[in-house]
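Chemist: Provided below for reference: sequence and predicted model.
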Amino acid sequence: MPLALRDARTVEQAMSGQFAFCFPSTSLAQAARMMAQNRVYELPVIVDQRSLGYVSYLDILQRYVRAELGGRAADIVRTPLPEVRPELPLADAVRVLRDSGRLVILVTTSSGMPLGALTARDVAFAMAAA
Amino acid sequence: MPTLSRVLQPIGPTCPAEVSAADALTRLTASGADALLVVKGGAFVGLFGHREALAAFADGSGPVEQYMRRPLPGRNVADSLESGADIMYREDTPIVLMTEDEDRQDDHRHGFQQGL
């Protein structure tokens, strides 16, 4: 049987309540360290309990190669970072991840306050546990 | 500019191309690695990571080679770090397979370059 049909789980059951993020003022060197330590490739940028977008390892990598790690997350932030609600079926969130091409999406309240993050790694572990 | 040999990492876990995506996913999560190298006929033919696993969410019964990333982005260990970053950016991949010329091969003929 297809995994999605027998998987009635919601985003809340697969997401990470604690997740790596940075602020617009976070230095690119620090953002790179956070990515490496947390084994993520995209880092949400949070300000005033709202998502501003995300920082991609690709942009940091380019800066590193050009020896330009003196900037801040705000300098390379990409938008938008998709947001989903915790009660959304996991299958729908997977569709959001796939369609957006992101490796992380933010789980938020209806008012946009971050509750957690759902990564492709989270989904892989949820699928393997099904 | 340093060469890619500076960021070379040992080759990660592998997986036969014939196994199901669901089985490959189990192997991937059990390994703790970011991706599996998919092997067919003794050669690396693709990469199966968390991003590729998303495509198997609806139905993971098909062989992993239906879902894997192909072709596998590659570079020579003697290439510059800049060229590695360039292919990672263009192919949007955090992992690049690295190879070495036959006359310069040693114990790390193949390996991964991972972002950051």
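Modeler: Arrived safely. Numbering: from 1, shown residues only, chains lettered A, B, ... in the order given.

Chemist: in chain B, what residue is nearest chain A?
Modeler: Residue of chain B nearest chain A, by Cβ to the nearest Cβ: residue B:50 (3.8 Å). Placement of C-beta: from N, CA and C, glycine included.

Chemist: count of residues packed around residue 47?
Modeler: All of this is about chain A. 15 (other Cβ atoms under 10 Å in any protein chain shown).

Chemist: actually it's chain B I care about, not the one you picked
Modeler: Going by other Cβ under 10 Å, the residues that sit close to residue B:47 add up to 25.

Chemist: confidence score at it?
Modeler: For residue B:47, the pLDDT comes out at 92.

Chemist: Next, the contact list for the closest residue to residue B:62 other than its chain neighbours, please.
Modeler: The spatially closest residue to residue B:62, leaving aside those adjacent along the chain, is residue B:21, at 5.9 Å (Cβ to Cβ, 6 or more residues apart in numbering or on different chains). With contact set as Cβ atoms under 8 Å, 6 or more residues apart in numbering or on different chains, residue B:21 has these partners: B:48, B:53, B:56, B:60-64, B:66-67.

Chemist: Could you pull up phi and psi at residue B:21?
Modeler: Dihedral pair for residue B:21: phi -60, psi -40, per degrees, to the nearest 10.

Chemist: I'd like to know how far it sits from residue A:93.
Modeler: 19 Å (Cβ to Cβ, to the nearest Å).

Chemist: Do you know the pLDDT at residue 39?
Modeler: I went with chain A, as the question did not name one. Residue A:39 is given a pLDDT of 89.

Chemist: The chain in question should be chain B.
Modeler: pLDDT at residue B:39 comes out at 95.

Chemist: That one contacts residue B:19, correct?
Modeler: No - in this structure residue B:39 lies outside contact range of residue B:19 using Cβ atoms under 8 Å: 10.3 Å.

Chemist: Show me which of those two is the more surrounded one.
Modeler: residue B:19 (18 against 15).

Chemist: tell me, how many neighbours does the closest residue to the more buried one other than its chain neighbours end up with?
Modeler: Excluding its sequence neighbours, the residue lying closest to residue B:19 (Cβ to Cβ, 6+ apart) is residue B:64, at 5.7 Å. Neighbours of residue B:64 under the rule other Cβ under 10 Å: 28.

Chemist: Residue B:64 against residue B:48, yeah?
Modeler: Yes - contact criterion Cβ under 8 Å: residue B:64 and residue B:48 qualify, at 5.4 Å.

Chemist: Identify the contacts common to the two.
Modeler: By Cβ under 8 Å, 6+ apart, the residues touching both residue B:64 and residue B:48 are B:15, B:21, B:24, B:36, B:38.

Chemist: among the residues you listed, which are in strands?
Modeler: B:15, B:36, B:38 (DSSP state E).

Chemist: who's in contact with the first one?
Modeler: The neighbourhood of residue B:15, defined by Cβ under 8 Å, 6+ apart, consists of B:24, B:27-28, B:36-39, B:48, B:64.

Chemist: And the last one, by the same measure?
Modeler: Each residue near residue B:38 by Cβ under 8 Å, 6+ apart is listed here: B:14-17, B:24, B:44-48, B:64-65, B:68.

Chemist: Could you check how far it is from residue B:70?
Modeler: On the measure of Cβ to Cβ, residue B:38 and residue B:70 end up 8 Å apart.

Chemist: intersection of neighbour lists for the two?
Modeler: With Cβ under 8 Å, 6+ apart as the test, residue B:38 and residue B:70 both reach B:45-47.

Chemist: Show me which residues of chain B sit near chain A.
Modeler: Applying Cβ under 8 Å from any Cβ of the partner chain, we find that chain B lies next to chain A at B:1, B:22, B:25-26, B:28-30, B:34, B:49-51, B:53-61, B:81-82, B:85, B:88-89, B:92, B:94, B:115-116.
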